[in-house]
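K.L.:
build the 3D model from these lines:
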Amino acid sequence: MRDAVEPLTGPEMGAVAAIIPCLDEEAAIGQVVAGVRAQGVATVIVVDGGSRDATVARARMAGATVVEETRRGYGRAVQSGIAALPPDAAIVLFLDGDGSDPPERIPDVLTPILAGRADFVHGTRVKGEREPGALSPQQVAAGRIAQVLLRLFYGARFSDMSPFRAIRRDALARLGMREETYGWNLEMLMRVAAAGIASEEVAVGQRRRFGGVSKVSGNPRAVAAASWSIATTFLRLAAALRRG
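P.N.:
Residues are numbered from 1 along each chain as shown. The predicted structure follows:
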């Protein structure tokens, strides 16, 4: 990856809270939390989906607040993290807990919001420096399909379905997010585009996960489940948003 930009400083960083959903990520979560905090983000919420390893202990040791969500589902985990946000959190940052989202790119993701240019920023993995093997062919293909559909339906120019993103809390509240499983990230892009929320996309690249096993890529059954959820989410929401 290229050299890190300078961490953001100032009182506005106290209004940023990060939400990191994870499951069995003991090899990575401590480094991820430490990396996020090193970028000036004071509030880090790790939502654990029932890990059977030392994920929870290592997240707490690194300085995170841990929320335990016993129900499976990516969207449910994120919603639990949102419910745990402190009252003064004005900007919500999302990233994965496996180390694949480079924390040194956090200033790139936050700057458009802090500068008043955008209310939502999407960090695309397919632009910027990407380590070999960091994204599976299925992930790249899913991002390309979403890119085409989002452009056709909404004229939006998102190039990926990366979990690495940030949004103003008030804008997030207006979206009315409902998806409880794999379709969460796509639903947010669709609702942001349909609502005309001021947005930017920045290149963040992608690293190989620090350890553990991906819950989706490399698992044919999980890939099929995620693909089905994403496809049905798009079709269902496209119809609902058009009626709205």
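
K.L.:
where does V44 sit: helix, strand or coil?
P.N.:
Using DSSP: H, G, I helix; E, B strand; the rest coil, the structure places V44 in strand.

K.L.:
how near is the most centrally placed residue in the chain to G196?
P.N.:
Nearest to the mean C-alpha position of the chain, by C-alpha atoms, centre = their mean, lies P163 at 2.5 Å. Distance of P163 to G196, given as C-beta to C-beta, to the nearest Å: 23 Å. To be clear about C-beta, it is placed using only N, CA and C from the backbone, and glycine gets the same treatment.

K.L.:
what of R169?
P.N.:
Taking C-beta to C-beta, one finds R169 at 18 Å from G196.

K.L.:
the bottom helix or strand of the chain by mean pLDDT?
P.N.:
Here the helix or strand of the chain ranked lowest by mean pLDDT, DSSP states H and E is helix 220-243, holding a mean of 72.

K.L.:
so what's A238 closest to, chain neighbours aside?
P.N.:
Of all residues not flanking A238 in the chain, F153 sits nearest, at 5.8 Å (C-beta to C-beta, 6 or more residues apart in numbering).

K.L.:
for the one you found, what are its contacts?
P.N.:
Going by C-beta atoms under 8 Å, 6 or more residues apart in numbering, F153 touches M190, A193, A238.

K.L.:
rebuild those as TSV, extending it with neighbour count and distance to G50.
P.N.:
Shown next, in TSV, are the contacts of F153 (neighbours: other C-beta atoms under 10 Å; distance: C-beta to C-beta, whole Å):
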residue	neighbour count	distance to G50
M190	26	29
A193	20	33
A238	17	32
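
K.L.:
out of those residues, which is nearest to T111?
P.N.:
Checking those against T111 with C-beta to C-beta, the nearest one is A193 at 21.2 Å.

K.L.:
the closest one and Y154 touch, don't they?
P.N.:
Yes. Between A193 and Y154 there is a contact under C-beta atoms under 8 Å: 3.8 Å.

K.L.:
ok, back up a step: and the residue nearest to A238, how far from S199?
P.N.:
15 Å.

K.L.:
check W228 too.
P.N.:
From W228 across to S199, the span is 27 Å (C-beta to C-beta).

K.L.:
look at the residue nearest to the centre of the chain and report its pLDDT.
P.N.:
pLDDT recorded at P163 is 94.

K.L.:
residue boundaries of the helices in the chain?
P.N.:
Secondary structure of the chain (DSSP state H): helices at 29-38, 55-61, 74-83, 106-114, 137-154, 169-175, 184-195, 220-243.

K.L.:
now these in TSV, with distance to F94?
P.N.:
Compiled in TSV, these are given as follows (distance: least, C-beta to C-beta, whole Å):
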stretch	distance to F94
helix 29-38	11
helix 55-61	16
helix 74-83	7
helix 106-114	9
helix 137-154	16
helix 169-175	10
helix 184-195	8
helix 220-243	17
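
K.L.:
among those helices, where is the model least confident on average?
P.N.:
Confidence, taken as mean pLDDT, is least for helix 220-243 of the helices of the chain (a mean of 72).

K.L.:
surely V44 is in contact with V36?
P.N.:
Yes. Counting by C-beta under 8 Å, V44 does reach V36; the two are 5.3 Å apart.

K.L.:
pull up the overlap in contacts between the two.
P.N.:
Joint contacts of V44 and V36 (C-beta under 8 Å, 6+ apart) are A18, I20.

K.L.:
before we move on, back to that, between R169 and G196, which one's more packed in?
P.N.:
Between R169 and G196, counting by other C-beta atoms under 10 Å, R169 is the more crowded of the two (18 against 9).

K.L.:
quick one: A195 and A173 touch, right?
P.N.:
No. Counting by C-beta under 8 Å, A195 does not reach A173; the two are 11.7 Å apart.
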